[in-house]
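*Asks:* based on what follows, work out the 3D shape:
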Amino acid sequence: MTSEQIPALRLQNIVKTFPGVRALDGVSFTVMPGEVHALMGENGAGKSTLMKVLGGIYSPNEGQIFIEEQPTVMNSPLYAKAKGVVFIHQELSLAEELSVAENVYLGELPRKSFGRVDWSKLYADTGAILERLNVGFGPKDMVTDLSIANKQMVEIARALTVEAKAVIFDEPTASLTDAEKSVLFDVIEDLKSRGVGIVYISHRMEEIFRISNRVTVLRDGQYRGTVNTSETNEDEVTNLMIGRSLDLSSDIEHVKLGDVALEVRGLSCGKLYQDISFEVREREVVGFYGLVGAGRTEIAETLFGLRNPSDGTILLYGAEATINSPSEAIEAGISLVPEDRKGQGLIVGMNCRDNMTLPQVDDMTAGPFVSNGAEVAIFDQYRDKLNIKTPGWRQQVGNLSGGNQQKIVIGKWLSMHPKVLIVDEPTRGIDVGSKSEIHKLIRELAAQGYAVIVISSEMPEVLRVSDRIIAMFHGRIMRTFTADEVTEDNLVQAISGITPEEDAA
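*Replies:* Okay, here's the model as predicted:
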């Protein structure tokens, strides 16, 4: 075997079991130097478990790990990094109150005599890495002041501090703008040119087909196949993932819309967004589309009482509403499924029932006690209604797949019987099968009479679920499209700040 043929890393016949669950059933996986190897599968397929075995978080029950064909026992994430295996996680793991430089070299700060931190070297080394990433912040900036997208870039910067043999990217573009994605893909190309093996975990097919050399698919903890990206297509990969073809046609059915449930007039919030006006009717899904920083999420947060507007009016069924807090929003009939599912939507260490009934615990108390029966009844109702896959209400939410976690959050707010449901990035980090279920669920909710707002960074998603699409650019509404008149071209032009008049010219 020549040096060019030696894998950067190889996992052989990995088995991992938990009580009552065989999470990995003899999975093998190889990454060659200088290749991007995509790892795909539905949520719960075993991807994260396999990577946690590689990273020393879990010990396999059976099987071996080889780094450049040397058998290795991964004892911890720090040991994995020392062996040249670096992880960039989807869920941010940053120390918010430290600087960018301190986060990038956390646990490995350069030292001078007597153990003192060499701040000059720390800032210089971090600055060189940030320059490679072409970001708009510096090594001394505080992480807490950065946007989610820039925090993700700090995670990526961590991977460039060592001479890596393999870098694992777990949904790295979930919070990135198109420009930042291009920078990330340039970084990946740079790593490839240096002979680094890349494991790329993503549910976004367009990314997989853009940058990967091979695709390996897991399903139900088992290996389902490896294909060369250039010799396959989305249908084949989807079939490997979910065992069936996926209907990606639009779910829009033209129905008679009801009354105007929500109307917004001239809403502004400082520099975040200005002069926003729109309405949402019963049985209608209105999609908000735009680049990160366009102001979409900030509008949702204002409607839910998390931000105070500087100007404008909110009306519910024609009556002006004053919303200064989430409790007032809930009382008025507005619910928000947030973008950050784990950070803002769930308490992952809590069971399914308690997560779903959390906003209405006060209404189910008798003296100092919460009515267990009432909580279970609510959980059972929405588990059946939303087809949530879980062994029972006692299951810890953190153990569910991403799609089922999202359904728990949606069920929590539906149980409050809102008039308006706002869903921010409904399928972020969710596999294609669960994504299709969430899309159908959104349309079903609209058909039942809900007024629904969907905020998404994925064009196929807003095109698929929305009756109307509001395109935003730099805090302003550029255009509003109906499902019949919108095209990919005019939508991209609108979110890029091009007006219809400029387009015509």
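*Asks:* what about E444, helix or strand, and which?
*Replies:* Under the criterion of DSSP states H and E, E444 resides in helix 432-447.
*Asks:* give me the contact list for that helix.
*Replies:* Applying Cβ atoms under 8 Å, 6 or more residues apart in numbering, the contact partners of helix 432-447 are 42-43, 203, 205, 238, 241-242, 246-248, 251-253, 255, 283-285, 386-387, 401-404, 406-407, 410, 414, 421, 423, 426-427, 430, 452, 454, 461, 464-465, 467. For the C-beta atoms, the positions are set from N, CA and C on the backbone; glycine is no exception.
*Asks:* which parts of the stretch 1-150 of the chain are helices?
*Replies:* Assigned by DSSP state H, counting those that start in this stretch, the stretch 1-150 of the chain shows helices spanning 47-54, 77-82, 100-104, 119-133, 148-159.
*Asks:* what's the second one in contact with?
*Replies:* Contacts with helix 77-82, where a contact means Cβ under 8 Å, 6+ apart, come from L54, G55, G56, I57, M74, V86, F87, G107, V162.
*Asks:* buried residues, that helix. List them.
*Replies:* P77, A80, K81 (16 or more other Cβ atoms under 10 Å).
*Asks:* rounded mean pLDDT for that helix, please.
*Replies:* The predicted model assigns helix 77-82 a mean pLDDT of 85.
*Asks:* how about the first one?
*Replies:* The average pLDDT for helix 47-54 rounds to 89.
*Asks:* now for that helix, which elements pack on it?
*Replies:* For helix 47-54, the packing partners by 3 or more Cβ pairs under 8 Å, 6 or more residues apart in numbering; DSSP states H and E come out as strand 9-18, strand 21-31, strand 36-40, strand 166-170, strand 197-201.
*Asks:* show residues contacting the fourth one.
*Replies:* Among residues not part of strand 166-170, those counted as contacts by Cβ under 8 Å, 6+ apart are 8-9, 31, 48, 51, 54-55, 67, 84-90, 159, 188, 191, 196-202.
*Asks:* centre of the chain to that strand, how far?
*Replies:* Mean-position distance between strand 166-170 and its chain equals 16 Å (Cα atoms, centre = their mean, to the nearest Å).
*Asks:* ok so, going back, just the ones of the contacts of helix 432-447 in helices?
*Replies:* 205, 238, 241-242, 386, 402-404, 406-407, 410, 414, 461, 464-465 (DSSP state H).
*Asks:* closest one of those residues to P19?
*Replies:* The shortest approach to P19 among the ones in helices among the contacts of helix 432-447 belongs to N404, at 19.0 Å (Cβ to Cβ).
*Asks:* just give me the neighbour total for that closest one.
*Replies:* When neighbours are defined as other Cβ atoms under 10 Å, N404 has 23 of them.
*Asks:* is it true that it touches T390?
*Replies:* Yes. N404 is in contact with T390 according to Cβ atoms under 8 Å; the separation is 6.3 Å.
*Asks:* rewinding a little: mind checking which of the helices of the stretch 1-150 of the chain is nearest I477?
*Replies:* helix 148-159 (21.8 Å).
*Asks:* surely P391 is within a strand?
*Replies:* No. P391: not assigned to a strand; according to DSSP: H, G, I helix; E, B strand; the rest coil it is coil.
*Asks:* for it, report the pLDDT, please.
*Replies:* Looking at P391, its pLDDT reads 83.
*Asks:* heads up, I number from 27, so please use that
*Replies:* Yep, numbering from 27; the last one is P417 now.
*Asks:* skip the chain neighbours and tell me the closest residue to P385.
*Replies:* Nearest residue to P385, sequence neighbours excluded (Cβ to Cβ, 6 or more residues apart in numbering): M442, at 5.9 Å.
*Asks:* in three-state terms, label that neighbour for me.
*Replies:* Reduced to three states with three-state DSSP, the structure at M442 is coil.
*Asks:* re earlier: any idea of the angle the helix holding E470 forms with strand 62-66?
*Replies:* In terms of direction (axes from the mean of the first three to the mean of the last three Cα atoms, to 10 degrees), helix 458-473 departs from strand 62-66 by 50 degrees.
*Asks:* how far off centre is helix 458-473?
*Replies:* 17 Å.
*Asks:* ditto for stretch 43-50
*Replies:* Centroid displacement of stretch 43-50 relative to its chain, using Cα atoms, centre = their mean, is 25 Å.
*Asks:* same question for it, mean pLDDT?
*Replies:* So the average pLDDT for stretch 43-50 ends up being 80.
*Asks:* can I get that stretch as CSV, trimmed to CA atoms?
*Replies:* In CSV, the C-alpha atoms belonging to stretch 43-50 read as follows (Å, rounded to 0.1, in the frame of the first residue of the first chain):
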residue,chain,number,x,y,z
THR,A,43,-25.3,-0.3,21.9
PHE,A,44,-27.3,1.6,24.5
PRO,A,45,-29.9,0.0,26.8
GLY,A,46,-32.5,-1.5,24.4
VAL,A,47,-31.0,0.2,21.3
ARG,A,48,-28.3,-1.0,18.8
ALA,A,49,-27.3,2.5,17.6
LEU,A,50,-24.5,1.2,15.3
